[in-house]
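Q: Provided below for reference: sequence and predicted model.
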Amino acid sequence: MTAQPDSSKSLDILNTARQLFWKHGIRRVSVEEICREAGASKMTFYRSFPNKIELAKAMLQKMFDESMNEYSAIMALDIPFEEKVQKQLLLKFKGARGISAELVRDIYSNQEWGLREYMERRTEEALKVIMNDFAQAQQKGWIRQDLRLDFILFLFHRMQDWITNEQLLASYPDTQDLIMEITNFFFYGIMPHESKGHER
């Protein structure tokens with residue numbers, strides 16, 4: 001696992017990198033640019049991160065950890081399942097805000113960096129948690145009883161391919177719109193035909 005920064009300056013570098021990577025992708029952003037925007041020296045950078053790719057992995061790790069913590073907090077709320085789904089959509093919107101097609105391509109298209117493998121591994125970990133929640137929700141009638149959980153899992157895996165599909169990407173003004181379209185389609189495609197909003 002990639003080590004997380006242990007100083008305020010390292011955290012500044014990480015947060016700055018996230019902003020720059022989100023906007024421009026990883027390939028186009030240099031270590032020098034990150035240091036300049038973060039107000040840090042290259043010595044400080046390399047004390048915390050071996051290179052730019054390890055910094056990107058640390059960024060993705062922080063993103064996943066924060067997302068799963070927020071997801072777990074939502075699922076623990078004593079509110080109807082449909083409201084939890086709505087909050088998950090808002091969480092997805094926040095996570096996707098400003099993400100560029102360049103970043104998606106850099107993560108999933110470059111085989112040497114290992115970022116795709118990292119994303120896939122963390123996604124599988126998250127899916128185990130999510131599918132367990134979905135199984136419980138289905139037993140309680142909060143999502144459609146006629147859907148196989150294996151099919152839902154298959155759709156989750158296909159979403160990754162859709163987000164990196166160049167034809168789909170070209171059909172949307174930005175990547176965030178595509179991500180939210182897919183997310184909305186998925187969640188509201190599994191909701192019961194009649195709302196069960198009064199149940200928890």
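A: Done, it's in.
Q: Can you check the distance spanned by stretch 16-32, start to finish?
A: 12 Å (Cα to Cα, to the nearest Å).
Q: and it, what's its mean pLDDT?
A: Averaged across stretch 16-32, pLDDT comes to 94.
Q: gap between Ala58 and Tyr118?
A: 10 Å (Cβ to Cβ, to the nearest Å). All C-beta atoms are positioned from the backbone trio N, CA, C, and that covers glycine.
Q: quick one, which of these two is more surrounded?
A: Higher neighbour count among Ala58 and Tyr118: Ala58, with 22 against 18, using other Cβ atoms under 10 Å.
Q: hang on, isn't the more buried one packed against Pro50?
A: No. In this structure, Ala58 is not within contact of Pro50 by Cβ atoms under 8 Å, at 10.3 Å.
Q: any weak-confidence spans in the protein?
A: For the chain, the stretches flagged by pLDDT under 70 are 1-6, 189-200.
Q: For stretch 175-186, which outside residues touch it?
A: Surrounding stretch 175-186, the residues in contact under the criterion Cβ atoms under 8 Å, 6 or more residues apart in numbering are 89, 92-93, 96-101, 103-104, 155-156, 159, 162-163, 168-169, 171-172.
Q: ok, 7 Å please
A: Outside of stretch 175-186, the residues within contact range by Cβ atoms under 7 Å, 6 or more residues apart in numbering are 89, 92-93, 96-101, 104, 155, 159, 162-163, 168-169, 172.
Q: Selection in PyMOL covering whichever of those residues are buried, please.
A: Selecting only the buried members of the contacts of stretch 175-186 in PyMOL, with burial defined as 16 or more other Cβ atoms under 10 Å, works like this:
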select buried, resi 89+92+96+99+100+101+104+155+159+162+163+169
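Q: Mind checking which of the contacts of stretch 175-186 land in helices?
A: Among the contacts of stretch 175-186, DSSP state H puts 89, 92-93, 96, 101, 104, 155, 159, 162-163, 168-169 in helices.
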